[in-house]
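# For reference, the sequence and a predicted model appear below.
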Amino acid sequence: MTDPKRTVALAALVMLAASMPLWLGDFQLFRLTNVLIFAIALLGINIATGYNGQVSLGHGAFYTLGAYTAAILMTFFAVPHWAALPVAAAACFVGGVLFALPVVRLEGMHFAMATFALAGVTPEIANYKAIANWTGGSQGLGLERPEVPFGLPMSYDQWLFLLVLAVLVASFATASNLLRGRIGRAVIAVRDHPLAAQASGVDVTLYRTLTFGISTMYTGLAGALSAMALLYAAPAGIFVSLGFLIGAAVGGLASLSGAIYGAIFLQAILFAAGSVAESARTPAVFAIYGIIVIAFLHLLPGGVAGFVARLGRRRDS
């Protein structure tokens, strides 16, 4: 049963966010748009890892697939950016299901290594000569700035922020309905005890495959939106996949709100790393990044969402 107070609070928060284009500049909106895009990506990996127990080190591959699908449709086929989004999401769902079919029976570390291999080979595939004309090869693929649809009196950054916000709200609503119902209980049962779930009539292979497909669909959708925000598509390396997993863990696994906290963390880390990089060498940036991550995971083992939940329980008790 939905808490009416919580629903009203969430609606007020969304309305506040929707008003930001009225009082923020384009650069600030661009940074907030990236936070929302990261939240969609982390929601995807949280569905697979947090709720279904599939530790994925390869979601950067589907982030890349979503970005390139949208970029190619917009650049070579003149597809409107808003129409390219569902196509990118569908392509990543199909890609996720096809990848999961032969490897979904692998457990734990073996499954993680299979996804790691996918992330590692993705840049090489994108740079392959036979498709370099479509992907831009090692240079990546630049996009023309799309027109704001319907002749709306706003800048492209304002429009994109509102579009990403709408996609984020729809993504969270869909995930919430999916995970809090019968399907969600089956997904969690597969994570907690696959043998008991199978004995209860749950098709473990089917649920793992579809869950992974839905997860990659969300992450691919984020990749498509990122290409539209940056006006550029390029292969996401293994560090992007690791960053998504770390962001999900810091935000809080098996928590929808954890995707928001993790996205804020990732954006803050990127900003801090960029500032440090101006006066320090790259190894120093990675060292600082590692220290911050270790501190977060040590002090908040349940993630930021778990910490917030504990505060709420103390307040109510």
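Now that the structure is in, tell me what you want to look at.
# Which residues are in contact with H59?
41, 44-45, 48, 115, 119, 215-216, 219, 241, 244-245 (CB atoms under 8 Å, 6 or more residues apart in numbering). For the C-beta atoms, the positions are set from N, CA and C on the backbone; glycine is no exception.
# let's go with 6 Å and repeat that
45, 219, 241, 244 (CB atoms under 6 Å, 6 or more residues apart in numbering).
# hey, C-alpha coordinates of the least confident helix or strand in the chain by mean pLDDT in CSV?
When the helices and strands of the chain are scored by mean pLDDT, DSSP states H and E, helix 282-299 comes last with a mean of 75. What follows is helix 282-299, C-alpha atoms only, in CSV (Å, rounded to 0.1, in the frame of the first residue of the first chain):
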residue,chain,number,x,y,z
THR,A,282,46.5,10.9,-12.7
PRO,A,283,47.8,8.3,-10.1
ALA,A,284,47.0,10.8,-7.4
VAL,A,285,43.5,11.2,-8.7
PHE,A,286,42.9,7.5,-8.6
ALA,A,287,44.4,7.2,-5.1
ILE,A,288,42.0,9.9,-3.8
TYR,A,289,39.1,8.2,-5.6
GLY,A,290,40.0,4.9,-4.0
ILE,A,291,40.3,6.3,-0.5
ILE,A,292,36.9,8.0,-0.8
VAL,A,293,35.3,4.8,-2.0
ILE,A,294,36.9,2.7,0.7
ALA,A,295,35.8,5.2,3.4
PHE,A,296,32.2,5.2,2.1
LEU,A,297,31.9,1.4,2.0
HIS,A,298,33.5,1.1,5.4
LEU,A,299,31.5,3.7,7.2
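# So which bits of it are buried?
285, 289, 292-293, 296 (16 or more other CB atoms under 10 Å).
# Show me the shaky parts of this protein.
Residue ranges of the chain with pLDDT under 70: 1-2, 272-286, 317.
# Could you identify the longest helix within it?
For the chain, the helix that runs over the most residues, judged by DSSP state H, is helix 204-230.
# about what we covered before: export the buried residues of helix 282-299 as TSV, with columns for distance to L10.
Converted to TSV, the buried residues of helix 282-299 look like this (distance: CB to CB, whole Å):
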residue	distance to L10
V285	36
Y289	32
I292	29
V293	29
F296	25
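# can you pull the contacts of the closest residue to L43 other than its chain neighbours?
Spatial nearest neighbour of L43, chain neighbours left out: A259 (4.1 Å); criterion: CB to CB, 6 or more residues apart in numbering. With contact taken as CB under 6 Å, 6+ apart, A259 is in contact with 39, 42-43, 46, 251.
# Kindly report the same for G120.
G120 makes contacts with I238, as judged by CB under 6 Å, 6+ apart.
# quick one on the thing from earlier: which SSE is immediately downstream of the longest helix of the chain?
strand 232-233 (DSSP states H and E).
# hmm, who's touching that following strand?
Contacts for strand 232-233 (CB under 6 Å, 6+ apart): 67-68, 71, 140-142, 227.
# Look at R145 and say how many residues are nearby.
By the measure other CB atoms under 10 Å, the count of residues near R145 is 11.
# and it, what are its phi and psi?
Backbone torsions for R145, taken as degrees, to the nearest 10, come to phi -70, psi 120.
# That one and D26, how far apart?
12 Å (CB to CB, to the nearest Å).
# just F77 next, same as before
To D26, F77 is 28 Å away according to CB to CB.
# and what of A173?
Relative to D26, A173 is positioned 28 Å away (CB to CB).
# any idea how far L16 is from D26?
To D26, L16 is 19 Å away according to CB to CB.
# Who has more neighbours out of these two?
Taking neighbours as other CB under 10 Å, L16 and D26 compare with D26 leading, 14 against 9.
# list the buried ones in the strand or helix carrying A263?
Here A263 sits within helix 257-277, counting by DSSP H and E. By neighbour count on 16+ other CB under 10 Å, the buried set for helix 257-277 is 257-267, 269, 273, 276.
# next one: stretch 308-317
Counting neighbours by 16+ other CB under 10 Å, stretch 308-317 gives 308-309 as buried.
# For it, which outside residues touch it?
Residues contacting stretch 308-317 (CB under 6 Å, 6+ apart): none.
# same check, this time on stretch 129-143
Contacts for stretch 129-143 (CB under 6 Å, 6+ apart): 68, 71-72, 74, 126-127, 231-234.
# Let's see that with 10 Å instead.
By CB atoms under 10 Å, 6 or more residues apart in numbering, the surrounding residues in contact with stretch 129-143 are 64, 67-68, 70-72, 74-76, 81, 123, 125-128, 227-228, 230-235.
# and stretch 167-177, how far out from the chain's middle?
13 Å (CA atoms, centre = their mean, to the nearest Å).
# Would you mind listing the outside residues contacting that stretch?
Contacts for stretch 167-177 (CB under 10 Å, 6+ apart): 2, 10-11, 13-14, 17-18, 35-37, 39-40, 43-44, 46-47, 51, 82, 85, 89, 183-184, 214-215, 217-218, 221-222, 224-225, 256-257, 259-260, 263.
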